[in-house]
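**Student:** Sequence plus the predicted model coming up.
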Amino acid sequence: MAPGLQPATHGNGRWCKRARVRHGVRAFGRRERQARRAQGRCAGAVAGVLCDPPFWVIPAVYPSGKLTSTMRACFIFFLVLGSWCSLLQAQAATAPSKIFQTGRNSDGKPVVSIRLQASGDNGDELANEYVFASEKGFLGPSSDPTDQSGFANRENTVFGVSYEPVTKACFVKLFLLNPSGTLVFVNNVNARAAKLLPRRWAANAREFLRIEKIVGHRVYLQTVDFSTGARPTHNFSVLVAPDGTLTAR
């Protein structure tokens, strides 16, 4: 029995009926208020705002389940900002090296250019240019053979090209930039790499070797056997030391 109510002593039970009605109204009111509070929490959760600690609280008054124009503008702003940051990260990951570049000179010869900052405070730039004789140019990886942009690791310390003077002949050239500022040109990569291969592939690597990719100081290479119509390939990798030494580790 609710507090303050008297027991039903009248014959017709009128007091008891009134007590039950009042108690039922109060109980319904409590349930309605609890339901509204729960509905408010759900609306806030849909809007991305929770009012219960430890979540952030954004002072905004809006109908349940609806965003105000200010909240909508903030949501669009953060969405665009996140997309813009992701685009910048993707461009930074795929941006070509400013130190190492390939191209052609006025005579149409393939050229490798390496530009370094000179030591000192005057900001001088040292340009190293390597010109190759054959106009055929460079060979890209097996996934994109026509790409002549060359290869570089993410740290901009190991660079390389696959020089193709004639068809079915390709020679790898590596350029190493050491922490001391020394630039090392590794010319005879084919012969060095062939010594690390089984006899089955060593002869092929001496005449045809291409770069697939460079990750850190590991260079991924491929050689092709042109003696048969099937043209089987052999993929392997080598580690290049600062002095140009290759190892199969």
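**Tutor:** Looks like it arrived, so ask away. Residues are numbered from 1 along each chain as shown.

**Student:** for this structure, what spans make up the helices?
**Tutor:** Along the chain, counting by DSSP state H, helices occupy 14-46, 69-94, 189-194, 199-207.

**Student:** and those helices, which one is worst for confidence?
**Tutor:** Taking each of the helices of the chain in turn, the lowest mean pLDDT turns up on helix 14-46, with a mean of 51.

**Student:** OK, contacts around the closest residue to Asn178 other than its chain neighbours?
**Tutor:** Sequence neighbours aside, Pro242 is the residue nearest to Asn178 in space, at 4.8 Å (criterion: CB to CB, 6 or more residues apart in numbering). C-beta here means a position set from N, CA and C on the backbone, and glycine is covered the same way. Under the criterion of CB atoms under 8 Å, 6 or more residues apart in numbering, the contact partners of Pro242 comprise 176, 178, 182, 184.

**Student:** ok, now which ones touch the residue lying closest to the last one once chain neighbours are set aside?
**Tutor:** Nearest-residue entry for Val184: Leu176, 4.1 Å, with adjacent residues in sequence omitted and distances by CB to CB, 6+ apart. Leu176 makes contact with 157-159, 183-186, 240, 242, 244, according to CB under 8 Å, 6+ apart.

**Student:** Dump the residues you listed to TSV, plus distance to Lys195 and pLDDT.
**Tutor:** Below are the contacts of Leu176 laid out as TSV (distance: CB to CB, whole Å; pLDDT from 0 to 100):
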residue	distance to Lys195	pLDDT
Thr157	24	95
Val158	20	97
Phe159	23	97
Leu183	25	92
Val184	19	95
Phe185	19	95
Val186	14	96
Val240	14	97
Pro242	19	93
Gly244	14	95
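
**Student:** Can you turn the buried part of those into a PyMOL selection?
**Tutor:** Of those, the buried ones go into a single PyMOL selection, burial set by 16 or more other CB atoms under 10 Å:
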select buried, resi 157+158+159+186+240+244
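
**Student:** and which of the contacts of Leu176 is nearest Ser134?
**Tutor:** Phe185 (18.1 Å; CB to CB).

**Student:** What mean pLDDT does stretch 116-123 get?
**Tutor:** Throughout stretch 116-123, pLDDT has a mean value of 70.

**Student:** Not counting its neighbours along the chain, what's nearest Gly216?
**Tutor:** Here the residue nearest Gly216, using CB to CB, 6+ apart, is Asn153, at 5.8 Å.

**Student:** Over to Leu239?
**Tutor:** In space, Leu239 is closest to Thr247, 5.0 Å off (CB to CB, 6+ apart).

**Student:** Tell me, how many residues neighbour that neighbour?
**Tutor:** A count of neighbours around Thr247, defined by other CB atoms under 10 Å, yields 10.

**Student:** hang on, isn't it packed against Phe236?
**Tutor:** No: taking contacts as CB atoms under 8 Å, Thr247 lies outside contact range of Phe236: 11.9 Å.

**Student:** got any residues that touch both of the two?
**Tutor:** Leu196.

**Student:** ok, how many other residues are close to the closest residue to Ser149 other than its chain neighbours?
**Tutor:** Leaving aside its chain neighbours, Ser149 sits nearest to Thr102 (5.7 Å; criterion: CB to CB, 6+ apart). Neighbourhood size, Thr102 [other CB under 10 Å]: 20.

**Student:** Strands of this protein, start to end?
**Tutor:** Ranges of strands within the chain are 100-104, 110-117, 125-131, 151-152, 158-163, 171-177, 183-186, 210-215, 218-224, 233-240, 246-247, based on DSSP state E.
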